[in-house]
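**Student:** Next comes the sequence, and after it the predicted model I'd like to discuss.
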Amino acid sequence: MRLLSSLGLACVLIVGSMPNAALAQDATSSVATLHLADGSTAALVEWKLSYEFIAWKQKEPVSSAKAQRIDIPMLVLGKKTYPVQGDSLSLKHLEANETARVISMNLKKAGDLKVEQPAREILAPDLDKKMIYQPRSLDISGKSLSGMDRAFCIVSFSPLLECGLTKTSRIVKIDFN
């Protein structure tokens, strides 16, 4: 009888802890698989999309600009946002003079997309209107399967910033699982 009580108690404890274990598994089950130009792949768990922009006061030199970063779990192009979870983003590059710039994108569920600077009202809605706003890049960061923090530049919105200088860091496709 005592064995059955112990067994019953163990079952209650296991079943009672299952929802927490399931929630913990869901939090890390979202994986972004990056396909790089050299043919390799990199998987990132706990991934996030980050947009970097600079802002500075009018009539002040650009050297006074402060870089800011905002995490938005969607693709932002112009004034439009596109959910990426469960989708695939393909990037087409123009290669010239040892550089490669993203010239177009394709989001499987949305189709072909024009590369546009993210709108100020989406990335920096609270930014003072007297400030000059310049988007710089869209990055993806997360943890590798071995637990290392990794970050990759997806696209540059500024001619002064280059992404994917080498084929080992140039993203050609991302599967957001």
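**Tutor:** Everything's here; your move.
**Student:** for this protein, what spans make up the strands?
**Tutor:** 31-36, 41-57, 66-71, 74-77, 80-83, 88-96, 99-107, 111-114, 131-143, 149-156, 171-176 (DSSP state E).
**Student:** List the pairing partners of the fifth one within its sheet, with orientation.
**Tutor:** The strands beside strand 80-83 in its sheet (DSSP bridges) come out as strand 74-77 (antiparallel).
**Student:** I'd like the mean pLDDT over the strand it pairs with, please.
**Tutor:** Per-residue pLDDT values over strand 74-77 give a mean of 97.
**Student:** Sort out which residues of that strand are buried, please.
**Tutor:** 75-77 (16 or more other CB atoms under 10 Å). Just so you know, the C-beta spots here come from the backbone N, C-alpha and C atoms, and that holds for glycine as well.
**Student:** So for this protein, the centremost residue is which one?
**Tutor:** Leu49 (2.3 Å; CA atoms, centre = their mean).
**Student:** what about it, distance to Cys163?
**Tutor:** Remark: distance between Leu49 and Cys163 (CB to CB, to the nearest Å) = 14 Å.
**Student:** For the closest residue to Ser144 other than its chain neighbours, name its beta-bridge partners.
**Tutor:** Counting by CB to CB, 6 or more residues apart in numbering, Ser144 lies nearest to Arg150, which is 5.2 Å off, once chain neighbours are set aside. Note on Arg150: beta-bridge partners by DSSP bridges are Gly142.
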